[in-house]
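Engineer: Structure for this input, please:
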Amino acid sequence: MKKFLCLAASAVLALGVMTGCSSSSKTTETQEPAEEETAEHVELVVFAAASMTDTMNEIAEMYKDVAPNVTISYNFDSSGTLKTQIQEGADCDIFISAAQKQMNQLDITQDSSVNTEGLDFVDTDTRFDLVSNSIVLITPEENPAGVNSFEDVDTDKVSLIALGNSDVPVGQYSEEIFTYMGIWDKLNNEQKITFGTNVREVLAQVEEGGADCGIVYSTDAATTDKVEVVASAPEGSHKAITYPAAVLKTSNNPDAAKAFIEYLKTDECTAVFENAGFVVNK
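Structural biologist: Numbering: from 1, shown residues only. This is a model prediction of the structure:
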């Protein structure tokens, strides 16, 4: 009897060992593989001229489908203000200026007569001309002062004209136009000018009827039905309006910044720019 019990106990023990091994083996075979790590989240800080507000916001939404891990954060202002902020150490991955001047002032490869402080912020390998624009004269809707041309600015029709200040590319272009026409000093002496800190502020002043007319980019005028375009700048009266773009050497995310810069060159982005009235540089 004792012998029988010992044999039975041995059989149960052997069965338990086999069952345990089988269970362990099964667990190993059915274990789920570790999930692949998702792409690291990146925030790109883009400093862009105020006149690009609408187009760049639209492109940021489109880019979510291209790079879901990338968030685009914008700082829109006058190119002069943005240049100063970059120079003073503001976090910025990409700079898009409304004129070559502000980009050149940050580019060490430019002549010292332009980059007077020897600033070295621009990754010149990424720099390219993104789009071009044009200058127009606008009035409040229904044009109450009856302004029809740039020449009208120097008449009694205009008591006040809204322009960008001297640190704003659209203001610099405006000064070139009226200097070309020979009336810049006269307009200042007669105190006929109200200055805005960027082109959207100039647009708002005219929309609200705070000025009889104003000078903005054609793309800004197209964003509202509260103004009328009455004239284009006289041919040859100002420098070409070109928007350079570049990744900065101080970028915290240079690879992601370069990828976004390349995306701006795609057909999808070209369609956005052209729909807004920009001319895409190819």
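Engineer: nearest spatial neighbour of Gly196, skipping sequence neighbours?
Structural biologist: Val202 (4.0 Å; C-beta to C-beta, 6 or more residues apart in numbering). Every C-beta, even on glycine, is put in place using the N, C-alpha and C of the backbone.
Engineer: show me what contacts the one you found?
Structural biologist: The neighbourhood of Val202, defined by C-beta atoms under 8 Å, 6 or more residues apart in numbering, consists of 162-164, 170, 196, 214-216.
Engineer: Just the ones of those in strands?
Structural biologist: By the criterion of DSSP state E, membership of the contacts of Val202 in strands covers 162-164, 196, 214-216.
Engineer: tell me the centre residue of this structure?
Structural biologist: Centroid-nearest residue in the chain: Ala48, 3.7 Å away (criterion: C-alpha atoms, centre = their mean).
Engineer: That one touches Phe76, doesn't it?
Structural biologist: Yes: if you go by C-beta atoms under 8 Å, Ala48 and Phe76 touch, sitting 5.7 Å apart.
Engineer: Give me the common contacts of these two.
Structural biologist: Taking C-beta under 8 Å, 6+ apart as the contact rule, the neighbours common to Ala48 and Phe76 are Met56.
Engineer: Beyond the one helix or strand Cys269 maps to, next helix or strand please.
Structural biologist: Assigned by DSSP states H and E, Cys269 belongs to helix 267-276. Going down the chain from helix 267-276, the next helix or strand is strand 279-280, by DSSP H and E.
Engineer: Check the offset of that following strand from the chain's centre.
Structural biologist: Taking C-alpha atoms, centre = their mean, to the nearest Å, one finds strand 279-280 lying 15 Å from the centre of the chain it belongs to.
Engineer: Equivalent analysis for stretch 150-163, please.
Structural biologist: That offset, for stretch 150-163, works out to 32 Å (C-alpha atoms, centre = their mean).
Engineer: average pLDDT for it?
Structural biologist: For stretch 150-163, mean pLDDT is 98.
Engineer: Just the CA trace of that stretch, in CSV.
Structural biologist: Provided in CSV are the C-alpha atoms of stretch 150-163 (Å, rounded to 0.1, in the frame of the first residue of the first chain):
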residue,chain,number,x,y,z
PHE,A,150,-0.9,107.9,-55.9
GLU,A,151,-0.8,111.4,-57.3
ASP,A,152,-4.0,112.2,-55.3
VAL,A,153,-2.1,111.8,-52.1
ASP,A,154,-0.5,115.1,-52.7
THR,A,155,-3.8,116.9,-53.1
ASP,A,156,-6.6,118.2,-50.8
LYS,A,157,-8.4,114.9,-51.2
VAL,A,158,-6.1,113.4,-48.6
SER,A,159,-5.9,114.7,-45.1
LEU,A,160,-4.2,111.5,-43.7
ILE,A,161,-2.5,108.5,-45.3
ALA,A,162,-1.6,105.4,-43.3
LEU,A,163,1.9,104.0,-43.9
